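**Q** Any chance you can model this:
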Amino acid sequence: QVQLVESGGGLVQPGGSLRLSCAASGFTFSSYAMRWYRQAPGKERELVAAIGSVASSTTYGDSVKGRFTISRDNAKNTVYLQMNSLKPEDTAVYYCNVFRGGSSNHWGQGTQVTVSS
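**A** Modelled structure (predicted):
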């Protein structure tokens, strides 16, 4: 079955950096776009970044453009989110997602990112 396992979250000071990883299994990773979402307390889940199956196409939410970079390694079945210049408003649980069509929409368990001094 599809599994997505996020890692790399933690506590970081404003202006700092973190790199999140999402290890995928149970499907042909290289065939699908991958996405990172986040959800802060009391807020709806929002799209942070997306990357096409061959990494030639990326999309970012307006609030993270210029600070976050999504990438993927199809040999390792892993998608990354490099987060720089972090702000307190980036505090959220970050989720990895793959949508394979129809009802095949899968999420990881999430990793907490807290930006605070």
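
**Q** Skipping adjacent residues, who's closest to Gly15 in space?
**A** Nearest residue to Gly15, sequence neighbours excluded (CB to CB, 6 or more residues apart in numbering): Ser85, at 6.1 Å. Heads up, the C-betas are built off the backbone N, CA and C, glycines and all.

**Q** Contact partners for the one you found?
**A** The neighbourhood of Ser85, defined by CB atoms under 8 Å, 6 or more residues apart in numbering, consists of Gly15, Ser17, Arg67.

**Q** all helices of this protein, in order?
**A** Taking DSSP state H, the chain contains no helices at all.

**Q** so where's it uncertain?
**A** Along the chain, segments meeting pLDDT under 70 span 55.

**Q** Provide the partner residues of the residue nearest the centre of it in its beta bridges.
**A** Nearest to the geometric centre of the chain sits Trp36, at 2.8 Å (CA atoms, centre = their mean). As for beta bridges, Trp36 partners with Ala49, Cys96 under DSSP bridges.

**Q** ok, it touching Arg19?
**A** No - checked against CB atoms under 8 Å, the pair Trp36 and Arg19 is beyond contact range at 11.7 Å.

**Q** sorry, back to before: identify the residues contacting the residue nearest to the centre of the chain.
**A** Residues near Trp36 by CB under 8 Å, 6+ apart: 20, 22, 47-50, 70, 79, 81, 94-97.

**Q** how about 6 Å then?
**A** Val48, Ala49, Leu81 (CB atoms under 6 Å, 6 or more residues apart in numbering).

**Q** same thing with Ile70?
**A** Ile70 makes contact with Ala49, Ile51, Thr58, Leu81 under the criterion CB under 6 Å, 6+ apart.
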